[in-house]
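# Next input, structure requested:
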Amino acid sequence: MADLEFARGTLKAQPFSELLGTRLTEFGDGGATLELDVRDELLQQNGFVHGGVLAYLADNALTFAAGAAAGTNVVTAGFTIEYLRPAVGVTLRARAGVVRAGRSRVVCRCDVLVLDAEGAETPCAAAQGTVSVLS
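Sure thing, here's the model as predicted:
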């Protein structure tokens, strides 16, 4: 299993994650938490965080959670996301955990939350995905 600093290095090696400023705040024991500060460039025309940003965050959190359980050689096989409410706030937080880890596939769930200026969390999306373990 990889540790938090190794996992942060993996995130840093993703140019898109670097562009967005994504942070890995928790990693291990079949779970991972990613955070991203909300800024104007991430909003859609109504002032909400764009759904693609929420999906990106869920996808990465699901895969990092799987990596915490199955090792670092994993890729997303697929995921679904349900948008629960518009995301308006200062920070996004995606918390993912493993539901079941097999030899070749890992199933994970993720809650995407938006935090206000005081740190109160509001759920804005929920995702479930399957991550493939590469040989």
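
# And the pLDDT for the closest residue to Pro86 other than its chain neighbours?
Using CB to CB, 6 or more residues apart in numbering and skipping the chain neighbours, the partner closest in space to Pro86 is Phe48 (3.9 Å). (Each C-beta comes from the backbone N, C-alpha and C, glycine too.) On pLDDT, Phe48 comes in at 98.

# Let me see the backbone angles for Phe48.
Here is the backbone geometry of Phe48 (degrees, to the nearest 10): phi -100, psi 160.

# Please read off the pLDDT at the nearest residue to Gly30 once chain neighbours are set aside from the model.
Closest residue to Gly30 apart from its sequence neighbours, by CB to CB, 6+ apart: Val98 at 3.7 Å. The model reports Val98 with a pLDDT of 98.

# what residues are up against Val98?
30-31, 65-66, 68-69, 106-108 (CB atoms under 8 Å, 6 or more residues apart in numbering).

# Check the gap between the residue nearest to Pro86 and Gln14 for me.
Phe48 is 24 Å from Gln14, where distance means CB to CB, to the nearest Å.

# can you map out the strands along this protein?
23-28, 31-37, 74-83, 91-101, 105-115, 121-133 (DSSP state E).

# Can you say which of the ones you listed is nearest to Asn60?
Among the strands of the chain, strand 31-37 comes nearest to Asn60, with 5.7 Å by CB to CB.

# Could you name the helices and strands sitting against the closest one?
strand 23-28, helix 51-70, strand 91-101 (3 or more CB pairs under 8 Å, 6 or more residues apart in numbering; DSSP states H and E).

# sorry, back to before: pull the contacting residues for the residue nearest to Pro86.
Contacts of Phe48 by CB under 8 Å, 6+ apart are 86-88.
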